[in-house]
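S.K.: Any chance you could fold what I've pasted below:
(2 chains)
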Amino acid sequence: MLDLKFIRTNPEIVKEALAKRHAAIDLDLFLRQEEKRRQLLFQVENYKAERNKTSEEVAKLKKSGGNAEDLINSMRNLGAKIKELEQDLAELDKQIQEVLYTIPNIPHSSVPVGKDENDNLEVRKWGKVREFTFDPLPHYELGKRLDILDFGRAGKVTGARFTFYKGLGAKLERALINFMLDRHCKKGYTEIFPPFMVNTQSMFGTGQLPKFEQDAFKVENTDYYLIPTAEVPVTNLFRDEILEAEKLPLAFCAYSACFRAEAGTAGRDTRGLIRQHQFNKVELVKFSLPEHSYQELESLTADAEAILQELELPYRVVVLSSGDLGFSSAKTYDLEVWLPSFNTYREISSCSNFEDFQARRANIRFRRGPKEKPEYVHTLNGSGLAIGRTVAAILENYQQEDGRIKIPQALQPYMGLEYIG
RNA sequence: GGAGAAGUAGCGAAGUGGUCAUAACGCGCCGCACUCGAAAUGCGGUUGUCCGCAAGGGCACGUGGGUUCGAAUCCCACCUUCUCCGCCA
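M.R.: Numbers count the residues shown, from 1 in each chain, chains lettered A, B, ... in the order given. Just a heads-up that it's a prediction; the model follows:
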């Protein structure tokens, strides 16, 4: 969420940001309400100051044995008036918050202005796309033939967009999780194994709520949501806390299952591992000083890229245009891996700098020194990487003419073999 | 799920209707003094937030309501933690 004071003093910047994102929010109405709120607040506080003063006099009078009846009677009206105004204020507050909570972050100046994903800009490309001497199969076809992925029975047992991994398929998934966590830990990330459910407050803190409720799975009769990414529990680790500046940056990596309702994607990527209601992911999360967050974004992105490089999977990096940028993000790089069956690059990681947008929602702050005012940290995160899509990429890119799958060199110690099949 | 206890500053803790909330007292932390230096000792300082150019004022004692002229204090609901019982991997 944006700073209310900032919106008030820089309405033009906010309007421009909203336009870049094609977000329809009536900022002028919002600002008028906000003005009204401040007037009301001022009035209520004046009344309260009067009440406090009089109450003190009552106390003094009673202590010295005097009669306070008149004062007490005169205060009855004031109390009622305060209560009434406070109700008005609460109502106005609610209206303002409803809008405030749906205003997206301001895109960073380096973000290309654009309409949608078609305006994303390629930043760099890595690796050589393989030339096949035979017709490559899609990963779901390979998975079925090798008997390592079972989509049909998952449909029976649970429903569409779920998968059973089996035998070496299951082992490959597990090997990738361990491989990625090991690599990130070696680079200084602290491993976290988070809860896979979080409460409403946490979902609000990272920006999933209130706007994107329909994308999440809620556990009935509880205040819990299945996490759509480990970003949510890990970023909320320090909610309502004040960190010491010397401890920053903090870097965490976390494996978790991720649960997404995938609302509005009916008919898209219905086959295979690309779009599931449940998938595994290793996530990177950083808490940074504001002045370092953009260099942290570069290094976090590089850390995610390093996994693809070690696995020798061709990929490219794109910077998302303002129209494609996520709600909470100020700048996002997507890593897209080459998938032969799609004959294109598909997203396998998304690395974002949220600046203080999440920190303000979740109230995560730091202090530069004793006596200094607390400031909001900058939060960042990125997939490092999505496991299911990595499995798909390995199956497709490493398939052999005889139907076997070669295991990437770096992963062989984790798999204990060179080929599946 | 049942019974009991507790939630106040970084930690421990006092306060049981009004001059006790910039919150006693203790520990910790920071500064100063003493010292060659340190320990010990002494003195001082140590919550956050909102409105306001400022002066000044408001709010917060787990959370939300209620009673009252006035609530940390009384009442109700909820949350969390601890102890015991039950169940369970």
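
S.K.: from here on, contacts and neighbour counts on C-alpha atoms
M.R.: Fine.

S.K.: and stretch A:336-347, which residues are buried?
M.R.: The neighbour-count check on stretch A:336-347 (16 or more other Cα atoms under 10 Å) flags A:Glu336, A:Val337, A:Trp338, A:Leu339, A:Pro340, A:Tyr345, A:Arg346, A:Glu347 as buried.

S.K.: pLDDT of that stretch, averaged?
M.R.: For stretch A:336-347, mean pLDDT rounds to 95.

S.K.: What lies in contact with it?
M.R.: Under the contact criterion Cα atoms under 8 Å, 6 or more residues apart in numbering, stretch A:336-347 has outside partners A:129, A:136-139, A:313-318, A:334-335, A:348-349, A:392-393, A:396-397.

S.K.: Go through these and flag which are in helices.
M.R.: Using DSSP state H, A:His139, A:Ala392, A:Ala393, A:Glu396, A:Asn397 are the members of these that sit in helices.

S.K.: ok, the second one touching A:His139?
M.R.: Yes. At 5.3 Å, A:Ala392 and A:His139 qualify as touching, with contact defined as Cα atoms under 8 Å.

S.K.: neighbour-wise, which of those two wins?
M.R.: A:His139 (26 against 22; other Cα atoms under 10 Å).

S.K.: Make sure that one is actually in contact with A:Gly272.
M.R.: Yes. Assessed by Cα under 8 Å, A:His139 is found in contact with A:Gly272 at 6.9 Å.

S.K.: ok, now which ones touch A:Gly169?
M.R.: A:Gly143, A:Ile148, A:Leu149.

S.K.: The last one pairs with what?
M.R.: Spelled out, that is A:Leu149. With DSSP bridges as the criterion, A:Leu149 is bridged to A:Tyr165.

S.K.: That one and A:Leu395: what is the separation?
M.R.: 11 Å (Cα to Cα, to the nearest Å).

S.K.: quick one: common contacting residues for these two?
M.R.: By Cα under 8 Å, 6+ apart, the residues touching both A:Leu149 and A:Leu395 are A:Gly143.

S.K.: Strands along the stretch 251-400 of chain A, start to end?
M.R.: A:278-288, A:315-319, A:331-339, A:344-353, A:364-367, A:375-376, A:378-386 (DSSP state E, counting those that start in this stretch).

S.K.: possible to save these as JSON lines with distance to A:Lys60?
M.R.: Listed next are the strands of the stretch 251-400 of chain A as JSON lines, based on distance: least, Cα to Cα, whole Å:
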{"stretch": "strand A:278-288", "distance to A:Lys60": "51"}
{"stretch": "strand A:315-319", "distance to A:Lys60": "67"}
{"stretch": "strand A:331-339", "distance to A:Lys60": "59"}
{"stretch": "strand A:344-353", "distance to A:Lys60": "56"}
{"stretch": "strand A:364-367", "distance to A:Lys60": "41"}
{"stretch": "strand A:375-376", "distance to A:Lys60": "41"}
{"stretch": "strand A:378-386", "distance to A:Lys60": "50"}
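
S.K.: Deepest-packed of those, please.
M.R.: Among those, strand A:378-386 has the highest mean neighbour count (mean count of other Cα atoms under 10 Å), at a mean of 28.

S.K.: relative to strand A:331-339, how tilted is it?
M.R.: 0 degrees (axes from the mean of the first three to the mean of the last three Cα atoms, to 10 degrees).

S.K.: In the sheet, which strands lie alongside strand A:378-386, parallel or antiparallel?
M.R.: Going by DSSP bridges, the partners of strand A:378-386 are strand A:278-288 (antiparallel), strand A:344-353 (antiparallel).

S.K.: What segments of the stretch 101-250 of chain A are strands?
M.R.: Using DSSP E, counting those that start in this stretch, strands in the stretch 101-250 of chain A cover A:121-126, A:149-150, A:164-165, A:190-192, A:197-199, A:224-226, A:241-244, A:250-259.
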